[in-house]
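> predicted model, plus sequence, below.
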Amino acid sequence: MKSTMTPLENRLHYPLGDQLPAPGDTLEVAPGVFWLRMGLPFALDHINLWLLRDVRDGVVGWTAVDCGIDNALTRQHWAAVLDKHLQGAPLWRVIVTHMHPDHLGLGHWLCERWNAQLWISFTDYQAAMLATMHHDSFGGDGAAQFFERHGLHDPASLDQVRSRVTYYAGMVPKIPAQFHRLQDGLKVVINGQAWQCISGFGHAPEHMALYQADRGLLISGDMVLPRISTNVSVYDAEPEADNLRLFLNSIDKFKPLRADTLTLPSHGKPFVGLHERIEQLHNHHRDRLDEVLQACAQKPCSAHDVLPVLFKRALDLHQTTFAMGEAVAHLHCLWHAGQLVRQRDTRGVWRFTSAATPRL
């Protein structure tokens, strides 16, 4: 079969080749570490989850990392996996890297069905609780107004954003009432081995990756992905955030890790080449920032204006909302660095201009 890998991917090493776990089954990627792959109803059509053997006081049990969204098919596949692997053994805990629906959605069901504990950062736990209680999270009037202030004026698109009032709660209907806090530097003992928490920002409020130093294993969540760049957006709840700078600073925290680290990402295949991938991500965003800076030197630009600069393909509404958030993140990175200035135009839209260019 002809390889579909990009030139950048070809500079990484995939120890398992093209192997993928079958739906409702697992693939062992390291002793006691099993890979699950669940479907998603988006263009990004899957998420990787992890099941770790976890013996405590001589009792064989398991720890799960991330959950998938809450729908019937994901429940069916999890039930098949756990019936096969647990065979009456306990699921001690469910560790969640961050609060996004594909990572946390089924957490309540797993915790309730197997009497497991939820482990997550405090910030992401609180953000998830708010998002399930407020139906306008990730949609609604606030999001529509935010996008409009950044140049999205298509009435049909704005109406769809306003109507998307159950986006988060539809995939994360419930959050466990109790949790254990993950925080940067904390060492979680799984099967007698310490997994160190490494916090990351920019993609989620307080993302937690897990690193097992002795074996060189990194569960990277969404912070480092092999094929695509992680979505880094600015949202209406924190409208002046500099999330791209937070993200780029965060991935540098992985640089001291072993060069032969096997990275277990949330999307794509397990790979070796962490340091190479970090450099690729920095280069990618440096190039996109240069392109945005050049566009803003030509004329004052809104986030909507720079969509075709950042994205060379047609976008549906779901993709456009993510793309708008990313466009704002790139503009804000340059604005906070003093390379762009911003000003509202007569329609109330934020437009960004090179700091060396006369303002509106």
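Yep, that arrived.
> which strands and helices lie in contact with the helix ranked longest in the chain?
If you go by DSSP state H, the chain has its longest helix at helix 274-298. Using 3 or more Cβ pairs under 8 Å, 6 or more residues apart in numbering; DSSP states H and E, the elements in contact with helix 274-298 are helix 243-251, helix 307-310, helix 317-336, strand 350-354. No exception for glycine: its C-beta is placed from N, CA and C like everyone else's.
> redo that, cut-off 10 Å
strand 217-221, helix 243-251, strand 262-265, helix 307-310, helix 317-336, strand 340-344, strand 350-354 (3 or more Cβ pairs under 10 Å, 6 or more residues apart in numbering; DSSP states H and E).
> what strand or helix carries Trp50?
Here Trp50, judged by DSSP states H and E, is contained in strand 46-56.
> would you mark the buried spots in that strand?
Across strand 46-56, burial judged by 16 or more other Cβ atoms under 10 Å covers His46, Ile47, Asn48, Leu49, Trp50, Leu51, Leu52, Arg53, Asp54.
> partner strands of that strand and their direction?
strand 33-39 (antiparallel), strand 59-65 (antiparallel) (DSSP bridges).
> before we move on, the earlier item: what's the most buried one of the helices and strands packed on helix 274-298?
strand 217-221 (a mean of 26; mean count of other Cβ atoms under 10 Å).
> gap between that one and the chain center?
Remark: strand 217-221 is offset 13 Å from the chain centroid, using Cα atoms, centre = their mean, to the nearest Å.
> ok, now stretch 273-291?
17 Å.
> doesn't Val189 belong to a helix?
No. The assignment for Val189, made by DSSP: H, G, I helix; E, B strand; the rest coil, is strand rather than a helix.
> give the burial count for it, as a bare number.
11 (other Cβ atoms under 10 Å).
> what sits opposite it in the beta ladder?
Beta-bridge partners, per DSSP bridges, of Val189: Ala194.
> could you measure from it over to Val55?
Separation of Val189 from Val55 (Cβ to Cβ, to the nearest Å): 11 Å.
> go on, Gly338?
54 Å.
> repeat for Gly192
7 Å.
> please apply the same query to Ala127.
33 Å.
> nearest to the spatial middle of this protein, which residue is it?
The chain has Asp222 as the residue nearest its centroid, 3.9 Å off, counting by Cα atoms, centre = their mean.
> roughly how far does it sit from His100?
For Asp222 relative to His100 (Cβ to Cβ), the value is 7 Å.
> list the residues that contact both of the two?
Ile47, Asp66, His203, Ala204, His207, Asn231, Ser266 (Cβ atoms under 10 Å, 6 or more residues apart in numbering).
> so what's the second one up against?
What that stands for is Asp66. By Cβ under 10 Å, 6+ apart, the contact list for Asp66 reads 36, 38, 47-50, 94-98, 100, 102-107, 219, 221-222, 266.
> from Ala204, how far off is it?
Taken as Cβ to Cβ, the span from Asp66 to Ala204 is 12 Å.
> low-confidence ranges in the stretch 51-200 of the chain?
The stretch 51-200 of the chain contains residues with pLDDT under 70 at 135-137.
> where do the strands sit along it?
Applying DSSP state E, counting those that start in this stretch to the stretch 51-200 of the chain gives strands spanning 59-65, 91-95, 117-121, 180-182, 187-190, 193-200.
> which of the ones you listed is buried the deepest?
Taking mean count of other Cβ under 10 Å, strand 91-95 is the most buried of the strands of the stretch 51-200 of the chain, at a mean of 24.
> quick check: Trp335 touching Ala355?
Yes. Between Trp335 and Ala355 there is a contact under Cβ atoms under 10 Å: 9.1 Å.
> what's the overlap in contacts for those two?
Contacts common to Trp335 and Ala355, judged by Cβ under 10 Å, 6+ apart, are Cys296, Val341.
> who touches Gly216 in this structure?
Gly216 touches Ala30, Leu257, Arg258, Ala259, Asp260, Thr261, Leu262, Thr263, Val272, Leu274, counting by Cβ under 10 Å, 6+ apart.
> I'd guessed the last one sits against Leu225; true?
Looking back up the chat, that one is Leu274. No. Applying Cβ under 10 Å, one finds Leu274 not in contact with Leu225, separated by 11.5 Å.
> those two: which is more packed in?
Neighbours were counted for Leu274 and for Leu225 using other Cβ under 10 Å; Leu274 has more, 24 against 21.
> quick one: the more buried one from Leu218, how far?
7 Å.
> could you tell me which residues touch both of those two?
Residues touching both Leu274 and Leu218 (Cβ under 10 Å, 6+ apart): Val224, Phe254, Leu257, Arg258, Thr261, Leu262, Thr263.
> can I get these in TSV with pLDDT?
Formatted as TSV, these follow (pLDDT from 0 to 100):
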residue	pLDDT
Val224	98
Phe254	98
Leu257	98
Arg258	97
Thr261	98
Leu262	98
Thr263	98
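> circling back: closest to Pro155 out of the strands paired with strand 46-56?
strand 33-39 (32.9 Å; Cβ to Cβ).
> go through that closest one and flag the buried ones.
By 16+ other Cβ under 10 Å, the buried positions in strand 33-39 come out as Val33, Phe34, Trp35, Leu36, Arg37, Met38.
> which residues touch the third one?
When contacts are counted by Cβ under 10 Å, 6+ apart, Trp35 touches 16, 19-21, 25-29, 48-51, 264, 269-270.
> nearest to Thr132, of these?
Distances from Thr132 to those, taken by Cβ to Cβ, are shortest for Leu49, at 20.5 Å.
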